[in-house]
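Give me a model of this one.
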Amino acid sequence: MFRFIRFLVNLGVLFLIVYVAGQVFLDHVFESNIGAKVRIGSIRLHVNPAEIEVKRIKISNLKGFREPYLAILPEVFIRIHLPDLLKGKTHIELMRIHVEEVRVEYNAAGQVNLNELR
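Okay, the predicted model is just below:
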């Protein structure tokens with residue numbers, strides 16, 4: 001019985017590590033692509049149908065701009081056609097992006113925050 005409980009605890013720890021590593025990896029991918037810090041609240045992946053749901057996305061404003069966040073997106077949902085994906089093609093069946101706010105502003109040098117993203 002003790003071995004079974006230890007197995008369940010180890011399995012839970014493994015899933016937690018994979019989940020946290022996945023979030024950190026996606027944060028890094030977004031940051032390296034747009035040049036701003038990105039924080040993700042949660043991620044859900046499904047295989048059949050192939051879906052990804054990302055919640056509570058906060059994109060930080062760049063240095064030199066007044067507002068703390070450039071954008072806040074409560075949800076991004078994408079459903080991909082799995083047979084096409086297996087053939088090397090990307091066919092998005094459904095994409096839903098819920099945008100709560102986007103803050104466009106100028107800094108003291110006259111630059112627009114959106115234009116300064118990579």
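
what about Arg118, distance to Val102?
17 Å (C-beta to C-beta, to the nearest Å). Every residue, glycine included, has its C-beta placed from N, CA and C.

Pick out whichever of those two has more residues nearby.
Shown here are Arg118 and Val102; by other C-beta atoms under 10 Å, Val102 has more neighbours (13 against 8).

Excluding residues flanking it in the chain, which one is nearest that one?
Excluding the flanking residues, the one nearest Val102 by C-beta to C-beta, 6 or more residues apart in numbering is Ala71, at 4.7 Å.

Now do the same contact list for the spatially closest residue to Asn48 that is not a sequence neighbour.
Take Asn48 and drop its neighbours on the chain: the residue closest to it by C-beta to C-beta, 6+ apart is Leu82, 6.6 Å away. Residues near Leu82 by C-beta atoms under 8 Å, 6 or more residues apart in numbering: Val47, Asn48, Pro49, Ala50.

circling back: would you confirm that the residue nearest to Val102 contacts Arg103?
Yes. Assessed by C-beta atoms under 8 Å, Ala71 is found in contact with Arg103 at 7.2 Å.

out of those two, which sits in the busier spot?
More crowded of Ala71 and Arg103, by other C-beta under 10 Å: Ala71, with 19 against 16.

From His91, how far out is the more buried one?
Relative to His91, Ala71 is positioned 27 Å away (criterion: C-beta to C-beta).

can you give me the helices for this structure?
2-34, 82-86 (DSSP state H).

By mean pLDDT, show me the worst of those helices.
Of all those, mean pLDDT reaches its minimum on helix 2-34 (a mean of 60).

for the record, mean pLDDT for stretch 51-59?
The model assigns stretch 51-59 a mean pLDDT of 89.

Give me every residue in contact with it, excluding its own residues.
26, 30, 34, 36-46, 69-80.

Now a PyMOL select for only the buried ones of those.
The buried residues among the contacts of stretch 51-59 can be selected in PyMOL (16 or more other C-beta atoms under 10 Å) with this line:
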select buried, resi 26+30+36+38+40+69+70+71+72+73+75+76+79+80
